[in-house]
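Enquirer: Sequence and predicted model, in that order:
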Amino acid sequence: MKPQFIEFTITSDSNDSLVAPRKGIVRHDQITSVVDISSGNYVGLTRTQITLEEESDYPNDADETGGVVRGRRTLCVQEDYETVKTRLANACQSAAS
C-alpha cells in the first residue's frame, strides 16, 4: 500500500503553535479519527478535528493490560467534515489500487 497525502488548511496543531492558518499535508494512513466540531464555539474557521497516530506509539509492556501507548497529534482544520471524509476515502481507495 502506497501512502497517499491529503492537503488541509490547519488552524490549530497540538504539536506546534500556529499564529495563522497554514496549508499542510497529512498521510492518510496516520489518521485515526475525524470529528465534526463545526457546531462548537471554537476559534476562527475551525470545522473539523483530525487525530493522527504518531510514530512515537509503542506497545505497553508495563502491565498485564497491554495495548499501545499512543503518541497523538490533533489538528483542527478549516475544511468541513464531509470534505475531509471524502478526501480520506479517495486517498484510501488510491492507496489500495
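Expert: Arrived safely. Residues are numbered from 1 along each chain as shown.
Enquirer: Low-confidence regions, the protein specifically.
Expert: Residues of the chain meeting the criterion pLDDT under 70: 1, 41-44, 55-58, 65-66, 68-70.
Enquirer: in it, which spans are strands?
Expert: Along the chain, counting by DSSP state E, strands occupy 5-13, 22-27, 31-36, 48-53, 58-59, 68-69, 72-77.
Enquirer: What is the second one packed up against?
Expert: Secondary-structure packing of strand 22-27 (3 or more Cβ pairs under 8 Å, 6 or more residues apart in numbering; DSSP states H and E): strand 5-13. All C-beta spots, glycine's among them, are computed from the backbone N, C-alpha and C.
Enquirer: Could the C-alpha coordinates of the strand it packs on be exported in CSV?
Expert: Provided in CSV are the C-alpha atoms of strand 5-13 (Å, rounded to 0.1, in the frame of the first residue of the first chain):
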residue,chain,number,x,y,z
PHE,A,5,-1.3,12.5,1.2
ILE,A,6,-4.2,14.8,1.8
GLU,A,7,-3.9,18.6,1.9
PHE,A,8,-5.7,20.6,4.6
THR,A,9,-5.8,24.2,5.9
ILE,A,10,-4.6,23.7,9.5
THR,A,11,-5.9,26.3,12.1
SER,A,12,-4.5,24.5,15.2
ASP,A,13,-1.9,21.9,15.8
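Enquirer: Contacts for it, please.
Expert: With contacts defined as Cβ atoms under 8 Å, 6 or more residues apart in numbering, strand 5-13 is touched by 18, 21-28, 43-46, 50, 73-79, 84, 87-88, 91.
Enquirer: now it and strand 72-77, what's the angle there?
Expert: Interaxial angle of strand 5-13 relative to strand 72-77 (axes from the mean of the first three to the mean of the last three Cα atoms, to 10 degrees): 90 degrees.
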